[in-house]
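here is a sequence together with a model predicted from it:
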Amino acid sequence: MNFASDNHYGASPQILAALSAIGDAPDAAYGDDAITERVRRKLCEVFEREVAVYPVINGTTANSLSLATLVPPHGAIFCHAEAHIAVDECGAPEFFTHGAKLAPIEGADCKITPDGIERALKHFQKGFVHHNQPAAVSVTQATELGTAYSPGELRAICDVAHGHGMKVHMDGARFANALVGLGCTPAEMTWRSGVDVLSFGATKNGALAAEAVIFFKKEDARDFEYRRKKSGHLLSKMRFVSAQLEAYLANDHWLSNARRANGLAQRLAQGLAAAKSVEIAHPVQANAVFARMPAALADKLREAGAKFYPWGVPEDGRVLARLMVSFATPESAVAKLIDLASAA
């Protein structure tokens, strides 16, 4: 019953098979190989336009280098106060931007709003030498609380950002889960809503170590290639990252994995909600379930072998448990956790 993280599960058999198939066959290095080019063409097809694609091995790299490409050292990046870039990347965005400031914004269900951005901008006067200059807005899709921005919400955020001369970055570590949950297209959830650059995640949804930075306008990519090289993230055998992405995208494998994870998350949420002492704290729109329960029940679940993380500080003897469902989570684990909670 491992619900601690979707990172705890391994890679899908299809992706492992793709890596094995490469074997020791030679190909060009540093991303000039045939597989990387096929991935680029496939992502152009997926997003219904020409895009600039740069494979990397993890989300922190994707987020930090894409933001560094768009934001100057004196810039400000607006994001939710609980966004991964603000809380869980050890200052990497600030480091790779050479000192840009993250400006946290509060918002219900871990989502920022146009009004929230406008309020935050009042503290960053444009053209005032003593203030960081507004440069970018970053949204997380799906959010840290498992909620998702609709295309309409994204369009409203992007309109405000662009109106103030800022670019929009999307942290899509769980992009596939949000996409499946919303039932829209990749284009609708990104550039058609105004997103400028996407950190396209695959690792949490079946890859071994593979993400891609996707710029929807090639001119925005500017010096990204040099930043990737200088930071040590231009892999010589890039084809082993690209092969994961190719298998991930083939035959909608990425969407199938996300549908399974999301479906089990819905089943888990419905089962826990039926238990007398449990309440679901946030909408379940991807593969995360946040369940508020008595501390005694949380202890009982752990003693029975369940793994999950507490979220925030316990209040009134109740804890908020974060339960992450993976593409490979056994159905039996979901059923067992529901049974344990219902029997309490």
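That came through fine.

going by C-alpha atoms from here, please, whenever you check contacts or count neighbours.
Will do.

dig out what residue 324 forms beta bridges with.
For residue 324, the beta-bridge partners under DSSP bridges are residue 288.

so what's it up against?
Under the criterion of C-alpha atoms under 8 Å, 6 or more residues apart in numbering, the neighbours of residue 324 are 3-6, 265, 287-289, 308.

can we see that at 7 Å?
3-6, 287-289 (C-alpha atoms under 7 Å, 6 or more residues apart in numbering).

could you do residue 86 as well?
residue 102.

quick one on the thing from earlier: nearest to residue 236 among the contacts of residue 324?
Nearest to residue 236 among these, counting by C-alpha to C-alpha, is residue 6 at 28.0 Å.

the closest one and residue 267, how far apart?
According to C-alpha to C-alpha, to the nearest Å, residue 6 stands 17 Å off from residue 267.

these two - which one has more neighbours?
residue 6 (23 against 16; other C-alpha atoms under 10 Å).

the more buried one and residue 204 touch, don't they?
Yes - the criterion here is C-alpha atoms under 7 Å, and residue 6 meets it with residue 204 at 5.5 Å.

what touches both of these two?
Joint contacts of residue 6 and residue 204 (C-alpha under 7 Å, 6+ apart) do not exist.

can you name the element that comes right after the helix ranked longest in the chain?
Using DSSP state H, we find that the single longest helix of the chain is helix 253-273. Next along the chain after helix 253-273, taking DSSP states H and E as the criterion, comes strand 279-280.

gap between that next one and the chain center?
Computed by C-alpha atoms, centre = their mean, to the nearest Å, the chain-centroid distance of strand 279-280 equals 23 Å.

what lies in contact with it?
Contacts for strand 279-280 (C-alpha under 7 Å, 6+ apart): 269, 273, 290-293.

wait, which of those residues is closest to residue 75?
residue 290 (34.1 Å).

got the CA coordinates for the host helix or strand of residue 160 in PDB?
Element membership for residue 160 (DSSP H and E) is helix 151-163. The C-alpha trace of helix 151-163 is given here as PDB (Å, rounded to 0.1, in the frame of the first residue of the first chain):
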ATOM      1  CA  PRO A 151      -8.100  26.200 -20.200                       C
ATOM      2  CA  GLY A 152     -10.300  29.100 -19.300                       C
ATOM      3  CA  GLU A 153      -8.400  29.700 -16.000                       C
ATOM      4  CA  LEU A 154      -5.100  29.400 -17.800                       C
ATOM      5  CA  ARG A 155      -6.200  31.900 -20.500                       C
ATOM      6  CA  ALA A 156      -7.200  34.400 -17.900                       C
ATOM      7  CA  ILE A 157      -3.800  34.100 -16.100                       C
ATOM      8  CA  CYS A 158      -1.900  34.300 -19.400                       C
ATOM      9  CA  ASP A 159      -3.800  37.400 -20.500                       C
ATOM     10  CA  VAL A 160      -2.800  39.200 -17.200                       C
ATOM     11  CA  ALA A 161       0.800  38.000 -17.500                       C
ATOM     12  CA  HIS A 162       1.200  39.000 -21.100                       C
ATOM     13  CA  GLY A 163      -0.500  42.300 -20.400                       C
END
